[in-house]
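Undergrad: How does the following fold in three dimensions:
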Amino acid sequence: MTNMNTPVTLTAAKASALRYLSCLRPQDILVLQGSPLLGAAFAIRHPGVQDIGPLATLMAGNVLLVSHIFMLNDWSGLTTDLADANKAARVFTARGVGRREMGVLTAGLLVLSLLLFSRLGPVTFGLSLAIATLSALYSLPRFSWKGRPLLNSMAHLAGGVLHFLLGYSLGHTIDNRGLAIATFFALIFAAGHLTQETRDHQGDAVNGIRTNAVSFGSRRTFAASLVLFTLANVLLFLLALQRLLPLPLAALAALYPVQLYWSLKTLGEGLTYASVSRLQARYRVLYAVIGLAMVAALAAR
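TA: From the prediction side, this is the model:
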């Protein structure tokens, strides 16, 4: 009987695991691995074998933490997501996962991530705890910073700084150089959030969620996101000229007109859900190139 039931049990366990994994946002999770890893790259000047363990712990902890953040957002916003035609088909209940199961899994991911970060020292652990706190303030209905214009963007600015410093703290004390570079990533993070609000404007308006796009209009919010992206690229150029970043990285400013062209084209298409989603996919590739260029410049130096 045991031998006969084992394949069935394994199949059921595999199906259950796949059901939970389908609730993750792999593309978004992957994108948010870049900032702390680049933070570590800027902090650790001469990486060696001794850094493999801490870096692996950082990566594992960050994957779990970011997964928790997205799942907490999905768990908290289940009702409104079901009422949004652009999201209803992708909610976790449509994938066979109950709200209670999702809550337990979300809490478990947070506990595991904090346990891993606690192994990297008090500063890194404190930064991870601060990021988790901002996530709770943004997503949980009791606080609902998601529906508080300007405050939600401030949370993303702060989160962007903390996320870079999470990796930077692994090999360096937090200093002015680290904060300056972190500001570049924070501006991109906040700008990307405003772009997402523009994309979700219609669904958020139907659900009465007072995002920036709902409160001030999608065109103004999109313009604000473009301003922040512009400031980020100006800051990148200035940091390179001041040698806080490797000087060759100043050439990356030449990529900005490409993003500007894509943004103006998206604006001309009426800021539809599809057109803004396409813009997001494009500029993510652009900033992935910038990230790889940073790693190459650091390796060459």
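
Undergrad: Number of residues surrounding the residue nearest to F143 when sequence neighbours are not counted?
TA: If the residues on either side of it in the chain are set aside, F143 comes closest to L137, at 4.6 Å by C-beta to C-beta, 6 or more residues apart in numbering. (Glycine included, C-beta is placed from N, CA and C.) Residue neighbour count, defined by other C-beta atoms under 10 Å, stands at 17 for L137.

Undergrad: pLDDT at L137, what is it?
TA: We have a pLDDT of 97 for L137.

Undergrad: and it, what helix or strand is that in?
TA: helix 122-139 (DSSP states H and E).

Undergrad: immediately after that helix, which helix or strand?
TA: helix 151-168.

Undergrad: and that next one, what does it pack onto?
TA: For helix 151-168, the elements it packs on are helix 34-43, helix 52-76, helix 122-139, helix 176-199, judged by 3 or more C-beta pairs under 8 Å, 6 or more residues apart in numbering; DSSP states H and E.

Undergrad: send the alpha carbons of the helix or strand just after the second one over as CSV?
TA: Taking DSSP H and E as the definition, the helix or strand that follows helix 52-76 towards the C-terminus is helix 78-82. Taking Å, rounded to 0.1, in the frame of the first residue of the first chain, the C-alpha atoms of helix 78-82 are listed here in CSV:
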residue,chain,number,x,y,z
LEU,A,78,-7.5,40.6,-3.3
THR,A,79,-10.9,42.2,-3.3
THR,A,80,-9.9,45.2,-5.4
ASP,A,81,-7.9,43.0,-7.8
LEU,A,82,-10.9,40.8,-8.4
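
Undergrad: Now do whichever helix or strand comes after helix 78-82, average pLDDT.
TA: Moving toward the C-terminus from helix 78-82, the next helix or strand (DSSP H and E) is helix 99-118. Averaging pLDDT along helix 99-118 gives 95.

Undergrad: Please compute how far helix 99-118 lies from its chain's middle.
TA: Helix 99-118 has its C-alpha centroid displaced from the chain centroid by 17 Å (C-alpha atoms, centre = their mean, to the nearest Å).

Undergrad: Which positions in it come out as buried?
TA: Across helix 99-118, burial judged by 16 or more other C-beta atoms under 10 Å covers E101, M102, L105, T106, L109, L110, L112, S113, L114, L116, F117, S118.

Undergrad: next one: stretch 234-251
TA: By neighbour count on 16+ other C-beta under 10 Å, the buried set for stretch 234-251 is L235, L236, F237, L239, A240, L244, L245, P246, L249, A250.

Undergrad: what distance separates the start and the end of that stretch?
TA: 11 Å (C-alpha to C-alpha, to the nearest Å).

Undergrad: wait, Y273 sits on D204?
TA: No: with contact defined as C-beta atoms under 8 Å, Y273 and D204 do not form a contacting pair (11.5 Å).

Undergrad: Between those two, point out the one with more neighbours.
TA: Ranked by neighbour count (other C-beta under 10 Å), Y273 and D204 place D204 first, with 23 against 17.

Undergrad: pLDDT weak spots in the protein?
TA: 1-16 (pLDDT under 70).

Undergrad: Run the angle between the longest helix along it and helix 176-199 for me.
TA: Across the chain, the longest stretch assigned as helix under DSSP state H is helix 273-300. Interaxial angle of helix 273-300 relative to helix 176-199 (axes from the mean of the first three to the mean of the last three C-alpha atoms, to 10 degrees): 160 degrees.
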